[in-house]
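Undergrad: Make a model of this:
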Amino acid sequence: MKDSYKTRTTLKVANKEYEIFSLAELGKQFANVNKLPYSQKILLENLLRCEDDVNVTRDDIAALASWNAKSETSKEIAFTPARVLMQDFTGVPAVVDLAAMRDAMKNLGGDPKKINPLSPAELVIDHSIMVDVFGRPDAAEKNAEIEFERNQERYSFLRWGQDAFSNFKVVPPDTGICHQVNLEYLARTVFTREVDGKTQAYPDTLVGTDSHTTMINGLGVLGWGVGGIEAEAAMLGQPITMLIPQVIGFKLTGKLPEGATATDLVLTVVQMLRKKGVVGKFVEFFGDGLANLPLADRATIANMAPEYGATCGIFPIDEETLTYLRLTGRADEQVKLIEAYAKTQGMWRAEDDADAEYNDVLDLDMSSVVPSLAGPKRPQDRIPLSQAKTIVTHHMTEMQDHRAGGPSRHQEIAKFEGEGGGTAVAAEESHHAGSIRVKDEEVNEYDLNDGAVVMSSPPLLPVPIHPIHRSWSPRAFWPRTPTKKA
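TA: Numbering: from 1, shown residues only. Predicted coordinates:
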């Protein structure tokens with residue numbers, strides 16, 4: 001790799017040396033570097049490290065280093081993520097493709113063992129479990145047993161892939177959802193690898209095959225969801241071409257009042273960002289309020305990036321980040337490296353830091369957040385809890401009138417017919433009274449009325465089981481800890 005701007009230098013942490021590409025050195029040539037948002041600094045370091053005059057050129061680096069928040073740019077850059085995160089539904093086809101490539105290599109007389117992911121790939125098996133048994137003490141255990149029986153062929157194949165390919169790890173079934181595992185176990189925040197006999201350190205970045213990959217943004221890790229083809233391309237070392245993104249700053253001040261939860265904060269943030277319009281943009285959270293926001297709340301806000309439409313919703317590295325990393329068992333050596341690297345590269349959040357430059361900024365005093373509710377499909381339609389009775393009663397009355405063929409329904413039909421549509425008698429609903437009779441598996445009958453709350457078990461979220469309870473036989477099929485701690 002080239003180093004046109006001579007930014008390659010050495011970082012020493014606890015008697016160990018790491019090769020880094022220094023943003024401080026680049027800042028001596030481009031005064032704007034120090035004013036870049038946190039997320040742009042991650043992209044800039046990525047360009048410095050991957051400069052090859054093919055995918056990344058000297059001009060690409062200059063364009064991002066000279067980024068002007070007051071103007072839009074049409075400059076494309078090539079982003080190379082440090083790793084790829086997959087879940088089993090989209091990950092299995094990728095492993096099948098690798099296996100097919102090995103077959104082709106063997107048929108051509110080559111060494112099939114040379115076919116491996118070029119970028120580290122981590123697959124979390126979390127989309128296969130379904131709730132077949134419920135309402136009994138051993139439900140989780142029974143569901144897991146059925147899961148292994150139902151998916152034995154797929155799991156056997158993935159187990160083979162884990163052993164056959166280098167740079168490929170599989171987190172076994174019944175461990176947790178991929179975002180939880182990524183946040184608590186897989187994320188490094190600062191990645192390391194051996195290059196030409198030296199240990200390189202650089203920001204942990206990723207793409208994932210799930211839209212809510214953005215949860216990891218709460219840990220200061222830049223990443224977002226992509227399709228299976230894009231993820232497979234990244235796994236094979238191909239960079240992702242993107243325009244230099246616009247970055248919307250979201251300034252948080254104050255602290256949540258008593259009685260308000262992270263969910264209330266998230267609903268407020270989503271509503272504000274949906275109103276602003278942030279599709280295709282980066283959202284970056286900053287401000288003194290971050291000192292009062294635990295990492296779990298940050299991850300919750302970042303997780304909702306698909307709901308407010310942004311590519312990512314990222315938080316910078318600070319003391320809270322390190323506290324969480326220690327809490328989740330990361331090695332002291334790794335935590336010290338993260339702190340030293342972030343401070344050296346200007347990626348550390350401190351109370352007295354000057355704000356970065358953003359394309360636009362939204363402000364929220366968290367003390368103004370109130371308890372709220374919203375439906376799962378439209379989280380932006382937030383209703384303050386204090387107004388819930390009035391608003392819900394209004395909508396219920398309107399809905400019942402609509403169902404019974406009242407004025408609001410007739411107005412809609414007239415509008416429809418006026419646009420060339422027609423009506424069908426069969427379309428008329430029979431349950432105008434807002435009541436429906438249902439039966440459960442045991443043939444019990446119930447009347448569900450307007451306003452009834454129905455609880456259901458999610459079909460795709462595995463229930464983690466503590467190791468001491470794993471006494472059932474399928475566990476022998478897959479070792480408990482197939483991966484090494486990152």
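
Undergrad: And the pLDDT at E419?
TA: On pLDDT, E419 comes in at 56.

Undergrad: same question, E141
TA: E141 is assigned 89 on the pLDDT scale.

Undergrad: Look up how far I177 lies from it.
TA: From E141 across to I177, the span is 18 Å (Cβ to Cβ, to the nearest Å). C-beta: built from backbone N, CA, C; applies to glycine.

Undergrad: Please apply the same query to L64.
TA: Distance from L64 to I177, by Cβ to Cβ: 34 Å.

Undergrad: again with T199
TA: 32 Å.

Undergrad: Look at Q387 and say how many residues are nearby.
TA: Q387: 11 surrounding residues under other Cβ atoms under 10 Å.

Undergrad: Could you check this protein and say which of its helices or strands has the lowest average pLDDT?
TA: Across the helices and strands of the chain, mean confidence by mean pLDDT, DSSP states H and E is lowest for helix 407-418: a mean of 56.

Undergrad: For the following helix or strand past that one, buried residues please.
TA: Stepping forward along the backbone from helix 407-418, the first helix or strand reached (DSSP states H and E) is strand 435-439. Buried positions in strand 435-439, judged by neighbour count with 16 or more other Cβ atoms under 10 Å: none.

Undergrad: mind listing what A234 touches?
TA: By Cβ atoms under 8 Å, 6 or more residues apart in numbering, the contact set of A234 is 80-81, 84, 119, 207, 226, 240.

Undergrad: wait, which of the residues you listed is closest to M347?
TA: Closest approach between those and M347, by Cβ to Cβ: P81, at 16.9 Å.

Undergrad: what's around A104, how many residues?
TA: Neighbours of A104 (other Cβ under 10 Å): 12.

Undergrad: What of E141?
TA: E141, neighbours per other Cβ under 10 Å, totals 18.

Undergrad: so where does it fall, helix or strand?
TA: With DSSP H and E as criterion, E141 is part of helix 139-150.

Undergrad: That helix: what's the following helix or strand?
TA: Using DSSP H and E, the helix or strand that follows helix 139-150 towards the C-terminus is helix 152-164.

Undergrad: List the contacts of that following helix.
TA: Helix 152-164 has contacts (Cβ under 8 Å, 6+ apart) with 88, 91-92, 95-96, 98-99, 102, 123, 125, 128, 148, 168-170, 173, 477-478, 482.

Undergrad: Name the residues that touch stretch 319-337?
TA: With Cβ under 8 Å, 6+ apart, stretch 319-337 has contacts from 13-14, 16, 18, 183-185, 188-190, 192, 201, 219-220, 290-291, 293-296, 298, 315, 338-339, 485-486.

Undergrad: For PyMOL, write the select line for the buried members of those.
TA: Buried members of the contacts of stretch 319-337, defined by 16+ other Cβ under 10 Å, are picked up in PyMOL with:
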select buried, resi 13+18+183+184+185+188+189+190+192+201+219+220+290+293+295+298+315+338+339+486
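
Undergrad: Please flag which of the contacts of stretch 319-337 sit within strands.
TA: Mapping those onto strands (DSSP state E) picks out 13, 16, 18, 190, 192, 201.

Undergrad: In a markdown table, list those residues along with pLDDT and distance to L236.
TA: Formatted as a markdown table, the ones in strands among the contacts of stretch 319-337 follow (pLDDT from 0 to 100; distance: Cβ to Cβ, whole Å):
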| residue | pLDDT | distance to L236 |
| --- | --- | --- |
| V13 | 97 | 32 |
| K16 | 95 | 31 |
| Y18 | 98 | 26 |
| V190 | 98 | 24 |
| T192 | 96 | 21 |
| A201 | 98 | 24 |
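
Undergrad: Determine which two of those residues are furthest apart.
TA: Taking Cβ to Cβ, no two of the ones in strands among the contacts of stretch 319-337 sit farther apart than K16 and V190, at 12.8 Å.

Undergrad: tilt between the helix holding E141 and helix 152-164?
TA: Orientation check (axes from the mean of the first three to the mean of the last three Cα atoms, to 10 degrees): helix 139-150 against helix 152-164 gives 80 degrees.

Undergrad: got the CA positions of helix 139-150 in CSV?
TA: Taking Å, rounded to 0.1, in the frame of the first residue of the first chain, the C-alpha atoms of helix 139-150 are listed here in CSV:
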residue,chain,number,x,y,z
ALA,A,139,-40.0,-24.2,26.9
ALA,A,140,-36.6,-22.6,26.0
GLU,A,141,-34.8,-25.9,26.3
LYS,A,142,-37.4,-27.8,24.1
ASN,A,143,-37.4,-25.1,21.5
ALA,A,144,-33.6,-25.3,21.2
GLU,A,145,-33.8,-29.1,20.9
ILE,A,146,-36.4,-28.8,18.1
GLU,A,147,-34.2,-26.1,16.5
PHE,A,148,-31.2,-28.5,16.2
GLU,A,149,-33.4,-31.3,14.8
ARG,A,150,-35.0,-29.0,12.2
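
Undergrad: Now do the strands in the stretch 201-350 of the chain.
TA: 205-208, 222-225, 240-243, 247-253, 282-286, 312-314 (DSSP state E, counting those that start in this stretch).

Undergrad: Highest mean neighbour count out of those?
TA: Greatest average neighbour count among the strands of the stretch 201-350 of the chain goes to strand 312-314 (a mean of 27), per mean count of other Cβ atoms under 10 Å.

Undergrad: for the stretch 201-350 of the chain, what spans make up the helices?
TA: Along the stretch 201-350 of the chain, the segments classed as helices by DSSP state H, counting those that start in this stretch run 228-235, 262-276, 295-303, 305-308, 319-327, 332-344.

Undergrad: which stretch among the ones you listed comes nearest P137?
TA: Checking the helices of the stretch 201-350 of the chain against P137 by Cβ to Cβ gives helix 295-303 as the closest, at 28.5 Å.

Undergrad: Report the mean per-residue pLDDT for the closest one.
TA: When pLDDT is averaged over helix 295-303, the result is 96.

Undergrad: what about that helix, distance to the chain center?
TA: 10 Å (Cα atoms, centre = their mean, to the nearest Å).

Undergrad: which helices and strands sit right next to that helix?
TA: Secondary-structure packing of helix 295-303 (3 or more Cβ pairs under 8 Å, 6 or more residues apart in numbering; DSSP states H and E): helix 262-276, strand 312-314, helix 319-327.

Undergrad: mind giving me a markdown table with the helices of the stretch 201-350 of the chain and columns for distance to I244?
TA: Converted to a markdown table, those look like this (distance: least, Cβ to Cβ, whole Å):
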| stretch | distance to I244 |
| --- | --- |
| helix 228-235 | 19 |
| helix 262-276 | 20 |
| helix 295-303 | 21 |
| helix 305-308 | 19 |
| helix 319-327 | 26 |
| helix 332-344 | 22 |
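
Undergrad: Those: which one's closest to M399?
TA: Per Cβ to Cβ, nearest to M399 of these: helix 262-276, 22.1 Å.

Undergrad: angle of that closest one against strand 282-286?
TA: Using the same axes, to 10 degrees, helix 262-276 lies at 130 degrees relative to strand 282-286.

Undergrad: Kind regards, and thank you for your time.
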